[in-house]
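J.: how would this look folded up:
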Amino acid sequence: MAGFRGRTSGILSLFAVIALVTGGIYNTLDDGRMRFQQVDWNPASAEEARGGIDITAGRGTVDLTGLSPTAALTSDVVVPLDITASNVTVVIPQNLPVDIKADMTMGNLNEPSGQRGGTTTRESSYNTDRPGNHLVVRIDGTFSNVTIQEGN
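T.: Below is the predicted model of the structure:
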């Protein structure tokens, strides 16, 4: 109706259309019974971590502190995280060099150094003074809230 009066509907209409499309997709998945899930993933080995995890419509924690051996890593370990419409905390070890490579679409990336929202690509490094190869966390986040937390 606003178009007939020579006005645009604005950003709220865009979000309404996105919500309708997303709702339609979720209604067709899993016989219409898509539920939010609690995810707590703690890979115990580099091989398991390299497989990554996909989280959709969930919340929880990805705890990578179990990958911190007493000796330095012998090769880079890339951990792919595909996070969609979720709220996830990623806990990284303090005794390994860690690189975060995040590609966020309509989401938030919360790091100790600050928060970035919207559509953003971000690369951060932690524990650069530690010896050995790096733990590389590749985050592909869409409509999600991802928090990076240092732990051990």
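J.: wait, N145 touches G107, no?
T.: Yes. Using CB atoms under 8 Å, N145 is in contact with G107, at 6.4 Å. (Each C-beta comes from the backbone N, C-alpha and C, glycine too.)
J.: ok, then the element right after the helix or strand bottoming out on mean pLDDT in the chain?
T.: Using mean pLDDT, DSSP states H and E, the weakest-scoring helix or strand in the chain turns out to be helix 11-28, at a mean of 67. As assigned by DSSP states H and E, the chain's next helix or strand after helix 11-28 is strand 37-41.
J.: check the offset of that next one from the chain's centre.
T.: Relative to its chain's centre, strand 37-41 lies at 13 Å (CA atoms, centre = their mean, to the nearest Å).
J.: for D99, grab the count of nearby residues.
T.: Here the number of neighbours of D99 (other CB atoms under 10 Å) works out to 18.
J.: helix or strand: which one has it?
T.: Per DSSP H and E: strand 98-111 holds D99.
J.: for N133, same thing?
T.: Counting by DSSP H and E, N133 is part of no helix or strand.
J.: that one reaches V98, doesn't it?
T.: No. Assessed by CB under 8 Å, N133 is found out of contact with V98, at 10.9 Å.
J.: start to end distance for stretch 49-62?
T.: The first and last residues of stretch 49-62 sit 10 Å apart, counting by CA to CA, to the nearest Å.
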